[in-house]
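Peer 1: Quick check, what structure comes out for this input:
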Amino acid sequence: MINFKFADIGEGIHEGVILKWNYKVGDQVEEGETMVVIETDKVNAEIPAPEDGVLKKRGAEEGETIHVGEVLAVIDDGSGADEDSEEPEEKAAETDEDDDDEDDGKKTEPAGESGASVVGSVEVSDEVMEASDEHTKQQAKKETAGKALATPFVRKLAKDKGIDINQVSGSGPQGRVMKKDIEAQTSGAAKTTTERPSYSMPKIKGGGTRREKISKLRESIVKAMDRSNTLIPATTVMDEFDVTELVKFRQSQKSRAEEADVKLTYLPLIMKAVILAMKEYPVFNASYDHENKEIIYKDFYNIGIAVDTPDGLIVPNVKDADRKSIIELAKETQELAQAARDRKIQLDDLKDTTFSITNYGAFGAKLGTPVINHPEVAILGMGAITKKPVVIDDEIEVRDMFPVSLTVDHRIIDGGDAGRFMVKLREYLSDPMLLLLS
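Peer 2: Numbers count the residues shown, from 1 in each chain. As a prediction, this is how the structure comes out:
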């Protein structure tokens, strides 16, 4: 009998909502086939069955929340072990070893093999622990070493939030630190550091109302935007570039791109220009460590592209974009955008973005003030390219004009820096041959 747990897939994901079960209790499941789809605040994760067998129990039903470490499914693989010989949800998860020893008695399996889950490897415990022994050892260890009693899930939650779990008073049995204890610490810290007032929704009078629970993705967007506006004193610089030559260049290269089965948009050309400008002004490819008062300069260029999906905004990134040609950038952005819309995007595609670009011009908008995706320090907003009458050498000409917005973290990027970056960006986009020669 297999107690198949919802694995830690990284990126601070601690829970998910069951979107769809492909099998009912009593159905035969096949190893590697998608058993259930779980919505997290990052991706929709398709969880494959770890072994052939009969689905005996579902840990959570559609619409319900499941946390990392909890039993997702109990599968009878014909081993003959009794399903009740190990308490499925709690016993294996509630070990209390040191962080470095939490894998004792466990084996790591590669994805797609026994115990595999969404990404990477999954820990599957073979131990059957006696509750009385475990609690005795845990309590003794706590008394002798001063170490808090907590599950690996709660320890990871505390670590992610920068909280010393040994300093937290536990409200659970025998002083066990619970999830709510960590959240209470976080709530208290947030009040102290940000001093944001709490408020409740006032009663809405007049006419009918309708309430709708937000999705996990929207919840993630809410947190990201709140974090950005709380931490970053941002300012936005706006300009309008003459990109007449860029428009001609793109038109001349469309057939070449089609031969490579790629649709050439302006985005890969702009990405190329952004990368070249960042190489001249490295602070735009950095992060600010507020606690240590240090600027972290990065020597890799992972350019994020904001993708509008039916569920909300997703920002995958092109890894090592500086090493790729314009055609390669076009192909990869096209693939990432489609994967994001289909909710097939992988976690790795969302990690380690260094600079983001958002294209509100795709919907006809001209100007905007994009919000920085922390811990990045800048984001470029693209408006719609339109033809306008422009005075050149005292003559009026119709030119293709491109409105651009650059939002920067004003803690480490001043207005002068932003202005110089925009000038360099204009230089590259006004003369597209520079994109090929650089």
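Peer 1: Which residue ranges of the stretch 301-438 of the chain form strands?
Peer 2: For the stretch 301-438 of the chain, the strands defined by DSSP state E, counting those that start in this stretch cover 303-305, 307-309, 312-314, 317-318, 355-359, 378-382, 386-392, 395-409.
Peer 1: would TSV of those strands with mean pLDDT, mean neighbour count and distance to V71 be doable?
Peer 2: The C-beta positions use only the backbone N, C-alpha and C, and glycine is treated the same way. Shown next, in TSV, are these (pLDDT from 0 to 100; neighbours: other C-beta atoms under 10 Å; distance: least, C-beta to C-beta, whole Å):
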stretch	mean pLDDT	mean neighbour count	distance to V71
strand 303-305	97	26	35
strand 307-309	92	17	31
strand 312-314	90	19	29
strand 317-318	97	24	34
strand 355-359	96	23	38
strand 378-382	97	25	41
strand 386-392	94	11	57
strand 395-409	96	19	43
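Peer 1: Ok, which of these comes nearest M271?
Peer 2: When the strands of the stretch 301-438 of the chain are compared by C-beta to C-beta, strand 303-305 sits nearest M271, at 5.2 Å.
Peer 1: partners of the closest one, with directions?
Peer 2: In the sheet, strand 303-305 lines up against strand 317-318 (antiparallel), strand 355-359 (parallel) (DSSP bridges).
Peer 1: now what about that strand, what contacts it?
Peer 2: For strand 303-305, contacts defined as C-beta atoms under 8 Å, 6 or more residues apart in numbering pick out 267, 271, 274-275, 315-318, 321, 333, 336-337, 353-357, 359, 373, 376.
Peer 1: can you give me the helices for the stretch 101-250 of the chain?
Peer 2: Taking DSSP state H, counting those that start in this stretch, the helices of the stretch 101-250 of the chain run over residues 131-145, 152-160, 179-194, 216-231, 244-259.
Peer 1: Between these, which has the poorest mean confidence score?
Peer 2: The stretch with the lowest mean pLDDT among those is helix 131-145, at a mean of 41.
Peer 1: Which residue is the nearest non-sequential neighbour of G175?
Peer 2: Among residues not flanking G175 along the chain, L149 sits closest, at 5.9 Å (C-beta to C-beta, 6 or more residues apart in numbering).
Peer 1: gap between the one you found and I165?
Peer 2: Applying C-beta to C-beta, to the nearest Å, the value for L149 to I165 is 10 Å.
Peer 1: Find residues that contact each of the two.
Peer 2: Between them, L149 and I165 share these contacting residues under C-beta under 8 Å, 6+ apart: V177.
Peer 1: in the stretch 51-200 of the chain, which segments are predicted with low confidence?
Peer 2: 80-146, 152, 173-174, 186-199 (pLDDT under 70).
Peer 1: give me that answer again for 50
Peer 2: Counting by pLDDT under 50, the stretch 51-200 of the chain contains low-confidence residues at 82-145, 189-194.
Peer 1: what do you get for the stretch 251-400 of the chain?
Peer 2: For the stretch 251-400 of the chain, not a single residue meets the criterion pLDDT under 50.
Peer 1: if I pick the residue nearest to R341 when sequence neighbours are not counted, what's in contact with it?
Peer 2: Here the nearest residue to R341 in space, its sequence neighbours aside, is T309; by C-beta to C-beta, 6+ apart that works out to 5.0 Å. T309 makes contact with 340-341, 343 under the criterion C-beta under 8 Å, 6+ apart.
Peer 1: Show me which of those are buried.
Peer 2: Those of the contacts of T309 that meet the buried threshold are 340, 343, by 16 or more other C-beta atoms under 10 Å.
Peer 1: Which of the contacts of T309 fall in helices?
Peer 2: Members of those lying in helices (criterion: DSSP state H): 340-341.
Peer 1: Distance to L380 added to the contacts of T309, as a markdown table?
Peer 2: Converted to a markdown table, the contacts of T309 look like this (distance: C-beta to C-beta, whole Å):
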| residue | distance to L380 |
| --- | --- |
| A340 | 18 |
| R341 | 21 |
| R343 | 25 |
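Peer 1: so who does the nearest residue to A234 once chain neighbours are set aside touch?
Peer 2: Closest residue in space to A234, ignoring its immediate chain neighbours: T407 at 5.3 Å, by C-beta to C-beta, 6+ apart. Neighbouring residues of T407 by C-beta under 8 Å, 6+ apart: 234-236, 369-372, 378-379, 381.
Peer 1: now the strands for the stretch 1-150 of the chain?
Peer 2: Going by DSSP E, counting those that start in this stretch, the stretch 1-150 of the chain shows strands at 2-5, 15-21, 28-29, 34-39, 44-48, 53-58, 65-67, 71-76, 106-109, 122-125.
Peer 1: For the residue of the chain positioned farthest from its centre, what are phi and psi?
Peer 2: Distance from the centre of the chain peaks at D394, with 50.2 Å (C-alpha atoms, centre = their mean). Per-residue torsions, D394: phi 60, psi 10 (degrees, to the nearest 10).
Peer 1: ok, and what's touching stretch 248-266?
Peer 2: By C-beta under 8 Å, 6+ apart, the surrounding residues in contact with stretch 248-266 are 246, 269, 326-327, 330-331, 333-334, 382, 385, 432-433.
Peer 1: how about it: buried residues?
Peer 2: 249-250, 253, 257, 262, 264-266.
Peer 1: related to what we said a few turns ago, tell me which of the strands of the stretch 1-150 of the chain sits most buried.
Peer 2: Ranked by average neighbour count under the criterion mean count of other C-beta atoms under 10 Å, the strands of the stretch 1-150 of the chain are headed by strand 2-5 at a mean of 25.
Peer 1: Report the mean per-residue pLDDT for that one.
Peer 2: 87.
Peer 1: Adjacent strands (with direction) for it?
Peer 2: Strand 2-5 is paired, per DSSP bridges, with strand 71-76 (antiparallel).
Peer 1: would you put the C-alpha positions of the strand it pairs with in PDB?
Peer 2: Extracted in PDB, the C-alpha atoms of strand 71-76 (Å, rounded to 0.1, in the frame of the first residue of the first chain):
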ATOM      1  CA  VAL A  71      -1.300  12.300   1.700                       C
ATOM      2  CA  LEU A  72      -2.700  12.900  -1.700                       C
ATOM      3  CA  ALA A  73      -3.700   9.400  -2.500                       C
ATOM      4  CA  VAL A  74      -3.600   5.900  -1.100                       C
ATOM      5  CA  ILE A  75      -2.800   3.300  -3.800                       C
ATOM      6  CA  ASP A  76      -3.000  -0.400  -3.400                       C
END
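Peer 1: any idea of the angle it forms with strand 53-58?
Peer 2: Between strand 71-76 and strand 53-58, the angle comes out at 140 degrees (axes from the mean of the first three to the mean of the last three C-alpha atoms, to 10 degrees).
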